[in-house]
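Engineer: Quick check, what structure comes out for this input:
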Amino acid sequence: MAHKVLRKVTHCIFDMDGLLLDTERLYTVATEMILEPYGKAYPFEVKERVMGLQTEPLSRFMVEHFELPISWEEYARQQRANAEKLMRNAQLMPDTERIYEEVTRQIAASFGRPYPEAVRFRVMGTTEQRSAEIAITECQLPISRTDFLKRYTQLCHERLHNVPLLEGAERLLRHLHASKVPFCLATSSGADMVELKTNQHRELFGLFDHKVCGSTDKEVANGKPAPDIFLVAASRFGVSPAAADCLVFEDSPNGVTAANSAGMQVVMVPDPRLSEEKTSHATQVLGSLADFKPEQFGLPPFRE
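Structural biologist: Reported below is the predicted structural model:
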């Protein structure tokens, strides 16, 4: 991607799912629970098209795309019910993907089998059961899914026991708060779902100046990729900044498009499976929030 000029900003706006909270995997499972009775798979190329959308447009797209014999309202109801069961375990974004990769590679290596990158990309975002099936088939492992998952779970527990919960998110939010940089949340989720997802992290999420919950906020007329949510978010700071003075943090292509349309710079922390074409419209693309350097945008640097 070509080098882009980074301009000084004064305010920050954060997306939530897939950026601060590790919920995208759970959303995938919730969606698969709806599609499974109809014999439908949920490929990543479909998922990337709906990332960042609000409830109604997402539900309408899914019903039409998969030709489901239900209304979009029923789809939304089922999605919400499934998500509520799963979201109670949502965690702030940890750096766990490398650990999952190492664990699977170790299992494959115990049978003298490699763990190709192409296979790793296929299992990212899938359920543990589906990941096991893919790994066993593609790596030609002579064990059952049950045995694989038993080993996988044991190895993950050993490695995750002392792993820091966050990968840059908490550090950045607390730094901005301590530096008195105004920042807010702008998520496509509804207010009730935000409450559910952040229940275990109330103190940290209480640091935000305010929260805009796109699916239930009446001022957000159009969801991402429209710019509405970011314009509304900016307008609710104590002193409304100009759009050019706002820096958005996003993980989805739709969110980046929305930020661009709002006239704001945007730092993207994308799903690793997204192609460069899908991330090229971001001002800056990072592997994680831990890689963010505030001073590049005129913000106070971290105090190491």
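Engineer: quick one: contacts for the spatially closest residue to residue 187 that is not a sequence neighbour?
Structural biologist: Computed as C-beta to C-beta, 6 or more residues apart in numbering, the closest residue to residue 187 that is not its neighbour in sequence is residue 16, at 4.0 Å. Where C-beta positions appear, they are placed from N, C-alpha and C, glycine not excepted. Residues near residue 16 by C-beta atoms under 8 Å, 6 or more residues apart in numbering: 23, 185, 187, 189, 194, 197.
Engineer: Hmm, residue 197 and the first one touching each other?
Structural biologist: The one in question is residue 23. Yes: shown here, residue 23 and residue 197 form a contact pair, counting by C-beta atoms under 8 Å, at 6.2 Å.
Engineer: Surely residue 12 forms part of a strand?
Structural biologist: Yes: assessed with DSSP: H, G, I helix; E, B strand; the rest coil, residue 12 lies in a strand.
Engineer: So what's the residue count around it?
Structural biologist: For residue 12, the count of nearby residues is 22 (other C-beta atoms under 10 Å).
Engineer: Tell me the pLDDT of it.
Structural biologist: Listed pLDDT for residue 12 reads 98.
Engineer: which ones are touching the residue lying closest to it once chain neighbours are set aside?
Structural biologist: Nearest non-adjacent residue to residue 12, counting by C-beta to C-beta, 6+ apart: residue 183, 3.9 Å away. Shown in contact with residue 183 (C-beta under 8 Å, 6+ apart): 11-14, 173, 176-177, 208-209.
Engineer: Dump the residues you listed into TSV; add distance to residue 67 as well.
Structural biologist: Below are those laid out as TSV (distance: C-beta to C-beta, whole Å):
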residue	distance to residue 67
11	43
12	41
13	37
14	36
173	42
176	45
177	47
208	40
209	43
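Engineer: Just the strands from the stretch 201-304 of the chain, written as ranges.
Structural biologist: Taking DSSP state E, counting those that start in this stretch to define them, one finds strands in the stretch 201-304 of the chain at 211-213, 246-250, 265-268, 284-285.
Engineer: so where's the stretch 1-150 of the chain uncertain?
Structural biologist: 1-3, 87-99, 121-128 (pLDDT under 70).
Engineer: in it, which spans are helices?
Structural biologist: With helices called from DSSP state H, counting those that start in this stretch, the stretch 1-150 of the chain shows them at 24-35, 44-50, 55-65, 72-87, 97-109, 117-123, 128-138, 145-160.
Engineer: before we move on, what about the stretch 201-304 of the chain?
Structural biologist: In the stretch 201-304 of the chain, the segments counted as helices under DSSP H, counting those that start in this stretch are 202-205, 228-235, 253-261.
Engineer: And the last one, what does it pack against?
Structural biologist: Applying 3 or more C-beta pairs under 8 Å, 6 or more residues apart in numbering; DSSP states H and E, one finds that helix 253-261 makes contact with helix 228-235, strand 246-250, strand 265-268.
Engineer: just the ones you listed: most buried one?
Structural biologist: Here the criterion is mean neighbour count by mean count of other C-beta atoms under 10 Å, and of the helices and strands packed on helix 253-261 the winner is strand 246-250, at a mean of 27.
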